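Undergrad: 3D, please:
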Amino acid sequence: MKAVTTKQMREIEGKALSEGVAEEELVEQAGAGIAAAVRKFFPKPGLLVGYVGKGHNGADALVAMRLLQEIGWRIAVKPAFPEVEWAVLTRKKRREVVSKNHSLLAPDGPMLILDGLLGIGGSGELRDPVLTAVREINELRLRHAASVIAVDIPSGLDADSGAVCGDAVVADFTITLGAPKCGLLAAAAVNHVGRLELVTLDDLDTSAADSGLGMICPRSFPQSLPLRTHDFHKGQAGRVAIVAGSPGMEGAALMAATAALRGGAGLVTLFVRDAIHTAVVSRACPELMVKSCADWEAIDFSPFSSCVWGPGLGAMDASEFVGFSAALESCSCPSVIDADALNAIAANQAHHLLQARHVITPHPGEFARLAHESARRGRGTGCGHFTAHNPSILLLKGARTLVMQRGSDLYHNSTGHAGMASGGMGDVLSGVIGALLGQGMQPLTAACAGAWLCGRAAELATSNGGQWQHSLIATDLFPFLGAALHEWQQG
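TA: Numbering: from 1, shown residues only. Down below sits the predicted model:
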């Protein structure tokens with residue numbers, strides 16, 4: 001979904017109202033979407049403390065509180081202004097919610113703080129009473145380990161630039177309405193925005209927006225993962241080759257290969273050096289084929305639909321790189337190039353090897369080695385600079401993973417959390433993207449989908465799988481890739 005500026009969002013809303021859409025209907029749609037997002041991330045009801053401003057951002061929050069109350073959530077409304085100052089519609093929605101002074105100590109179920117203080121119209125430094133409310137939200141988050149959910153945009157954050165003037169709400173989730181706002185995608189805003197979730201509103205037409213910034217979500221790439229026919233067979237699901245692993249880093253190869261299987265590939269073959277073949281076979285899942293290879297150039301890539309290069313491959317000397325580069329050039333199928341494969345290309349200044357059929361997946365350190373001139377320009381600008389000079393699809397990992405190809409929007413991933421700061425996550429990502437390429441997905445789409453799927457699987461592992469951010473490891477994602485794929489397919 002393309003991001004919009006404040007001015008564009010107001011024009012979109014104004015157009016809908018001029019065409020007869022009722023403002024209350026937009027508020028009801030927004031509130032229903034917020035409530036659905038809360039249920040998505042917090043399936044078990046608990047305590048929700050809603051901080052409400054006097055405008056329609058507060059009305060959106062109140063509708064969500066009413067709907068959550070109906071399914072068992074305990075609700076406490078914290079108004080920032082006297083009710084006499086509220087908009088008429090906000091007062092109406094307040095009367096539909098039953099608020100109680102619930103204890104904040106040891107609540108049954110999760111404790112959430114809902115920031116419905118300011119919408120996109122807020123600008124400049126906060127003033128009381130909003131300033132006091134924002135500080136109270138942030139204090140409750142720290143003192144009670146509560147999760148903060150911002151409605152549309154965290155109060156105090158500039159909707160266009162993502163800048164913070166003084167204080168602003170530190171949100172764990174931001175549920176943005178209609179379309180993502182440009183400021184929510186800014187690198188400087190990530191620690192205030194947290195996980196970004198989009199609620200589309202049926203009566204708002206955002207198709208004309210063209211900021212050059214996109215948010216990765218299933219709606220951004222509809223029908224990119226088609227339903228399988230009943231007579232579908234493994235040959236149609238793609239044959240994926242994985243070139244990976246070295247002594248001491250067998251796990252990286254196995255995680256990438258297992259992720260390709262979990263990502264939907266029909267057949268996966270892992271090619272490893274002779275020195276680790278026995279160790280890899282002993283640890284591999286039974287569905288995986290493992291082949292020993294003394295020379296990468298000897299691999300016949302013609303049967304394969306896609307290939308993954310690099311996880312745990314280790315450092316290469318000059319002679320090894322000659323064979324590696326020849327093998328890479330001989331492989332005409334779409335490929336993921338990751339980790340040590342990228343380091344080898346950087347060390348040998350072999351950027352000419354990177355083609356439009358390649359998805360490269362560096363973390364910031366690898367990107368700096370591969371493209372110093374691009375990396376020093378910052379994340380977003382650096383992606384644009386790199387892709388202007390190289391045809392491959394760039395997936396730059398980070399708290400807000402970025403994906404770009406020459407001529408495309410700069411896509412920002414919306415899923416994931418800090419628990420993914422753990423070894424092996426990149427290997428899983430490479431395998432998933434390789435599987436998607438093998439199933440016929442276009443490289444840019446596969447890169448975006450892979451980032452979203454891995455982030456969503458990590459979320460499910462913590463919300464449904466008994467893990468927490470501090471305990472999550474890469475293999476915890478495997479049981480939840482199926483649910484993430486289902487969400488992506490449903491759009």
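
Undergrad: any idea how far A133 is from F324?
TA: Noted for F324: a distance of 58 Å to A133, by CB to CB, to the nearest Å. From N, CA and C alone the C-beta is placed, and that goes for glycine too.

Undergrad: ok, now A87?
TA: Per CB to CB, A87 is found 17 Å from A133.

Undergrad: neighbour-wise, which of those two wins?
TA: A133 (23 against 16; other CB atoms under 10 Å).

Undergrad: ok, for that one, nearest residue in space, not its chain neighbours?
TA: The shortest distance from A133 to any non-neighbouring residue, by CB to CB, 6 or more residues apart in numbering, is to A80 (4.5 Å).

Undergrad: I figured that neighbour hits V134, correct?
TA: No: A80 is beyond contact range of V134, at 9.1 Å (criterion: CB atoms under 8 Å).

Undergrad: Centre of the chain to stretch 277-297, how far?
TA: 32 Å (CA atoms, centre = their mean, to the nearest Å).

Undergrad: Tell me the buried residues in that stretch?
TA: Within stretch 277-297, the residues that count as buried by 16 or more other CB atoms under 10 Å are 277, 280, 284, 288, 290, 293, 296.

Undergrad: Check the separation of the first and last residues in it.
TA: Using CA to CA, to the nearest Å, the end-to-end distance of stretch 277-297 comes to 17 Å.

Undergrad: cool, stretch 403-415 as well?
TA: One end of stretch 403-415 sits 13 Å from the other (CA to CA).

Undergrad: Quick one: mean pLDDT over stretch 252-263.
TA: In this model, stretch 252-263 carries a mean pLDDT of 98.

Undergrad: Show me what that stretch is in contact with.
TA: For stretch 252-263, the surrounding residues in contact (CB atoms under 8 Å, 6 or more residues apart in numbering) are 240, 242, 244-245, 268, 270, 272, 276, 280, 283-285, 287-288, 308, 311-312, 338-339, 424, 427-436, 438, 450, 453, 474-475, 477-478, 481-482, 485.

Undergrad: Is it possible to mark the buried ones in these?
TA: With burial judged by 16+ other CB under 10 Å, the buried subset of those is 240, 242, 244-245, 268, 270, 272, 276, 280, 284, 288, 308, 311-312, 338-339, 424, 427-436, 438, 450, 453, 474-475, 477-478, 481, 485.

Undergrad: what about the strands in the stretch 1-150 of the chain?
TA: Applying DSSP state E, counting those that start in this stretch to the stretch 1-150 of the chain gives strands spanning 47-52, 74-79, 111-116, 147-151.

Undergrad: would you turn those strands into TSV with mean neighbour count?
TA: Converted to TSV, the strands of the stretch 1-150 of the chain look like this (neighbours: other CB atoms under 10 Å):
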stretch	mean neighbour count
strand 47-52	26
strand 74-79	20
strand 111-116	27
strand 147-151	27
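
Undergrad: Give the buried residues for stretch 458-477.
TA: By 16+ other CB under 10 Å, the buried positions in stretch 458-477 come out as 458-463, 465, 467, 472, 474-477.

Undergrad: now swap in stretch 180-187 and tell me
TA: Neighbour counts over stretch 180-187 (16+ other CB under 10 Å) mark 180-186 as buried.

Undergrad: Next: stretch 352-361.
TA: 353-355, 357-361.

Undergrad: Could you work out the end-to-end span of it for me?
TA: End-to-end distance of stretch 352-361 (CA to CA): 17 Å.

Undergrad: State the distance from the most centrally placed residue in the chain to L184.
TA: In the chain, the centroid-proximal residue (CA atoms, centre = their mean) is T415; its distance is 2.7 Å. According to CB to CB, T415 and L184 sit 14 Å apart.

Undergrad: got the buried residues for the helix or strand encompassing S319?
TA: Counting by DSSP states H and E, the element that carries S319 is helix 318-330. Neighbour-count burial for helix 318-330, counted by 16+ other CB under 10 Å, picks out 321, 324-325, 327-328.

Undergrad: Could you do stretch 331-349 as well?
TA: Buried residues in stretch 331-349, defined by neighbour count with 16+ other CB under 10 Å: 331, 333-346.

Undergrad: of the buried residues of stretch 458-477, closest to A145?
TA: Nearest to A145, judged by CB to CB, of the buried residues of stretch 458-477 is T462 at 13.8 Å.

Undergrad: Can you name the residues that contact that closest one?
TA: T462 neighbours (CB under 8 Å, 6+ apart): 417, 419, 468-469, 472.

Undergrad: picking up where we left off before, who wins for proximity to K15 among the strands of the stretch 1-150 of the chain?
TA: With CB to CB as the measure, strand 147-151 is the member of the strands of the stretch 1-150 of the chain nearest K15 (22.2 Å).

Undergrad: Just checking the distance from the helix or strand following the closest one to the centre of its chain.
TA: Of the helices and strands lying after strand 147-151 in sequence (DSSP H and E), the nearest is strand 173-177. Distance of strand 173-177 from the chain centroid (CA atoms, centre = their mean) equals 13 Å.
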